[in-house]
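S.K.: predicted model, plus sequence, below.
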Amino acid sequence: MNRRDGLFRMTGEPVVTAAIKCAARLRVAFHQVNTMWRSVVCMALVMTVGCYKYVPIGGSMPRNGERVRVELTDQGSAEIARMVGPGPQAISGRVLAATETELTLGVQVVEFRRREEQFWVGEPLAVPRPLIARVERRQLSRVRTALTTVATLLAAAMIVDVFTGGEALFGGKRDPGGIPGG
């Protein structure tokens, strides 16, 4: 005999069993919601990262604090190799000082001719101007960032859709393979 008493529905089963079943259903529901929100938060973090490209500076002098990539001449590669290892091709980092004779970088990445990268933590390195083939400025790529943002939003929407069974985005549950109209 079922009767409604306040917020609880009495079904005739022991209260402990009903409480255990209820707790199990709540645990599954909370796990799904937590997993969904973790996924959405991860997607949001990806969206905060922009896509960058390097563009030539030209004749201007880079400003202190600016992130740049310095491509080395063949002679520059040979001379800088004594400080960073054999075969450096380019050095990326923040400009610490820029003069007419040299460019001092807080090095973050050294790219080698053998297609390897070595990560540094901002150690200063002075590169004489005659050893520099080209200086490029790091710049936000709006097109790549926009495409990444759209792709991330679509992925987040699909994750929400999967965890909610289509309720959140499409307003109702999907039929899991039943006969249409039946």
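M.R.: It's in.
S.K.: could you use CA atoms for every contact and neighbour count after this?
M.R.: Noted.
S.K.: all strands of this structure, in order?
M.R.: Along the chain, the segments classed as strands by DSSP state E run 3-5, 8-10, 52-56, 67-72, 88-98, 102-112, 117-128, 132-140.
S.K.: strands paired with the last one, and their directions?
M.R.: Sheet pairing of strand 132-140 (DSSP bridges) gives strand 52-56 (antiparallel), strand 67-72 (antiparallel).
S.K.: so which of these comes closest to Thr99?
M.R.: Comparison of the strands paired with strand 132-140 against Thr99 by Cα to Cα identifies strand 67-72 as nearest, at 14.5 Å.
S.K.: ok, residues contacting the closest one?
M.R.: 54, 62, 88-95, 131-138 (Cα atoms under 8 Å, 6 or more residues apart in numbering).
S.K.: what about the closest residue to Gln75 other than its chain neighbours, distance to Pro124?
M.R.: Nearest residue to Gln75, sequence neighbours excluded (Cα to Cα, 6 or more residues apart in numbering): Leu131, at 6.3 Å. For Leu131, the distance to Pro124 equals 16 Å [Cα to Cα, to the nearest Å].
S.K.: returning to that earlier point: just the buried residues out of the contacts of strand 67-72, in PyMOL syntax.
M.R.: Isolation of the buried members of those (16 or more other Cα atoms under 10 Å) is achieved in PyMOL through the command below:
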select buried, resi 62+88+89+90+91+92+93+94+95+131+132+134+135+136+137+138
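S.K.: which residues of this protein score low on pLDDT?
M.R.: Flagging of the chain using pLDDT under 70 yields the residue ranges 1-50, 163-182.
S.K.: mind redoing it with 50?
M.R.: For the chain, the stretches with pLDDT under 50 are 1-8, 182.
S.K.: any chance of the strands paired with strand 132-140 in TSV, plus distance to Val162?
M.R.: TSV is the format used below for those (distance: least, Cα to Cα, whole Å):
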stretch	distance to Val162
strand 52-56	32
strand 67-72	41
